[in-house]
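[1] Attaching a predicted model along with its sequence, questions to come.
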Amino acid sequence: MLSSSPPPSGLLEKLFQHIDLHQDEFVQTLKEWVAIESDSIQPVPRLRREIFRIMALAADRLQHLGARVESVDLDSQQLPDGQSLPVPPILLAELGDEPEKPTVCFYGHLDVQPAQQEDGWLTDPYTLTEVDGKLYGRGATDNKGPVLAWMNAVGTFRALQQELPVNIKFILEGMEEAGSVALEELVRKEKDSFFSNVDYIVISDNLWISRRTPALIFGTRGNSYFMVEVKCRDQDFHSGTFGGILNEPMADLVALLGSLVDSSGHILIPGIYDQMAPLTEEEKKMYETIDLDLEEYQNSSQVEKFLFDTKEELLTHLWRYPSLSIHGIQGAFDDPGTKTVIPGRVIGKFSIRLVPHMNLSLVEKQVKQHLEAVFSRRNSSNKMAVSMVIGLHPWIANISDTQYLAAKRAIRTVFGVEPDMIQDGSTIPIARTFQDITQKSVMMLPLGAVDDGEHSQNEKINRWNYIEGSKLFAAFFLELSKLH
């Protein structure tokens with residue numbers, strides 16, 4: 001549970017008072033940003049124009065804060081149907097260039113997932129609506145709210161005519177939900193210019209594990225996504241004419257998919273766990289202190305029973321062990337009727353979430369060898385092909401880095417508690433991209449609570465998280481300047 005933090009003194013007190021007094025203005029700005037339907041998933045010219053509009057709005061706000069802003073234009077996006085759509089610019093902004101101060105770079109995105117009220121929203125997803133302190137709207141927590149919280153913190157120093165204790169840079173994009181088009185290429189290009197004097201990179205594009213205790217994220221799992229095709233011929237068959245006289249591709253595929261993981265979630269591919277970094281005693285102790293009510297988590301997830309009965313087991317299997325998930329079958333009829341068709345060609349889709357120190361190439365080899373062995377034992381006359389179509393490495397940070405220490409101190413100041421030190425079971429490629437290319441310290445400092453519903457219906461951010469998060473970033477700037 002949160003405890004009351006000691007009252008801030010001096011400059012911090014002034015900063016916090018200003019943020020409290022102006023919180024309605026900060027919420028109004030978030031309302032204006034949420035109203036822009038910056039959906040990057042649907043390739044529609046109207047929606048693409050909306051992304052351009054919010055990127056221009058962000059550039060204008062940064063300039064009003066005193067930042068030098070470069071809007072990097074990108075090539076058009078070629079769609080599979082031959083259509084071409086413009087790609088919104090990536091914003092590079094800088095405030096301050098004093099060598100004696102640390103330089104912290106914030107990454108965020110301003111595009112959103114699709115949302116319509118008829119999908120199950122209680123309110124219009126593009127009208128920020130406050131109910132019981134919860135601010136509902138698409139993009140409120142992912143990622144418009146956190147981006148604005150950073151700007152609120154900077155703006156508060158400016159409004160009080162206080163010198164920023166750190167140099168600050170922003171890199172903001174509008175295509176994250178669609179795969180961050182051209183972002184990696186730009187980071188490589190700017191490695192020795194924009195990023196040359198950056199000391200720390202911060203990402204605030206994820207959530208706490210709790211509704212009440214702040215968190216710092218220092219690792220994410222990677223992802224290897226596979227497709228396995230079983231083919232007899234391109235045309236489908238009538239089961240009355242051909243059933244019983246051939247090896248059916250669907251039966252082969254079901255056997256292959258069924259050989260990957262057992263009912264307890266244990267991956268059955270030989271050697272897959274051998275590469276995994278051992279779980280240390282220090283890590284085990286971190287899991288014990290994390291604020292997670294297992295019953296509440298289960299109820300909010302609407303899952304009758306998890307595979308594990310303790311908090312520690314659940315968290316280690318969510319963050320620290322690889323997992324295998326089967327996602328679907330392409331080429332199979334999903335008609336609600338009773339068609340008696342034998343598909344002539346089917347494709348199964350599955351993925352493995354990777355943890356340190358799993359090697360993508362070795363995982364690919366192990367998966368292919370396993371499926372080839374299972375298929376061989378079936379003596380099928382069909383053809384099988386396996387391909388890894390996505391390969392993303394896990395990311396891990398050093399929690400002893402200066403910015404992690406500064407963030408811990410800032411969290412204690414604002415919230416009065418030690419943060420949960422957590423990992424994320426999903427894959428966030430940009431963290432590994434920044435770390436690999438720039439060789440800088442990367443930290444994830446989330447603002448949203450576990451029940452914010454990013455990507456889902458009724459996405460929200462609590463007013464408390466948004467406003468206290470703005471204070472957190474202001475305190476973080478000061479702590480970073482002390483420790484650097």
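    Alright, I've got the coordinates. Numbers count the residues shown, from 1 in each chain.

[2] Just checking the distance from stretch 226-244 to the centre of its chain.
    38 Å (C-alpha atoms, centre = their mean, to the nearest Å).

[3] who touches that stretch?
    246-250, 252-253, 256-257, 340-352, 367, 371, 375, 380-389 (C-beta atoms under 8 Å, 6 or more residues apart in numbering). (C-beta placed from N, C-alpha, C; glycine too.)

[4] Can you turn the buried part of the residues you listed into a ChimeraX selection?
    Selection of the buried residues among the contacts of stretch 226-244 in ChimeraX, burial being defined by 16 or more other C-beta atoms under 10 Å:
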select :248,249,250,252,253,256,257,342,343,344,345,346,347,348,349,350,351,352,367,371,375,380,382,384,386,388
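
[5] Take the contacts of stretch 226-244 and keep only those in helices.
    Using DSSP state H, 249-250, 252-253, 256-257, 367, 371, 375 are the members of the contacts of stretch 226-244 that sit in helices.

[6] From those residues, pick the one nearest residue 73.
    Nearest to residue 73 out of the ones in helices among the contacts of stretch 226-244 is residue 367 (C-beta to C-beta; 40.3 Å).

[7] quick one: pLDDT of that closest one?
    Looking at residue 367, its pLDDT stands at 98.

[8] same check, this time on residue 303
    So residue 303 comes in at 89 (pLDDT).

[9] isn't there a helix covering it?
    No - Residue 303 is assigned coil when assessed by DSSP: H, G, I helix; E, B strand; the rest coil, not a helix.

[10] I'd like to check which residues are in contact with the closest residue in space to residue 307 that isn't next to it in sequence.
    Distances taken as C-beta to C-beta, 6 or more residues apart in numbering place residue 265 nearest to residue 307, at 5.1 Å, with adjacent residues excluded. Applying C-beta under 8 Å, 6+ apart to residue 265 gives the contacts 307, 317, 323.

[11] of those, closest to residue 105?
    When the contacts of residue 265 are compared for distance to residue 105 (C-beta to C-beta), residue 323 wins out at 31.7 Å.

[12] Now the buried members of the contacts of residue 265.
    Buried among the contacts of residue 265 (16+ other C-beta under 10 Å): 317, 323.

[13] Spatially central residue in this protein, please.
    Central residue of the chain (C-alpha atoms, centre = their mean): residue 428, 4.8 Å from the mean position.

[14] can you tell me how far that one sits from residue 120?
    Distance, residue 428 to residue 120, using C-beta to C-beta, to the nearest Å: 26 Å.

[15] Kindly report the same for residue 66.
    Distance from residue 66 to residue 120, by C-beta to C-beta: 42 Å.

[16] Please identify which of these two sits among more neighbours.
    residue 66 (15 against 10; other C-beta atoms under 10 Å).

[17] Counting neighbours, what do you get for the closest residue in space to the more buried one that isn't next to it in sequence?
    The shortest distance from residue 66 to any non-neighbouring residue, by C-beta to C-beta, 6+ apart, is to residue 95 (5.9 Å). Applying other C-beta under 10 Å, we find 20 other residues in the vicinity of residue 95.

[18] Report the beta-bridge partners for residue 95.
    Taking DSSP bridges, one obtains residue 168 as the residues bridged to residue 95.

[19] again, but for residue 385
    Residues in beta-bridge contact with residue 385 (DSSP bridges): residue 229.

[20] distance of it from residue 256?
    Taken as C-beta to C-beta, the span from residue 385 to residue 256 is 11 Å.

[21] swap in residue 137?
    Distance of residue 137 to residue 256, computed by C-beta to C-beta: 43 Å.
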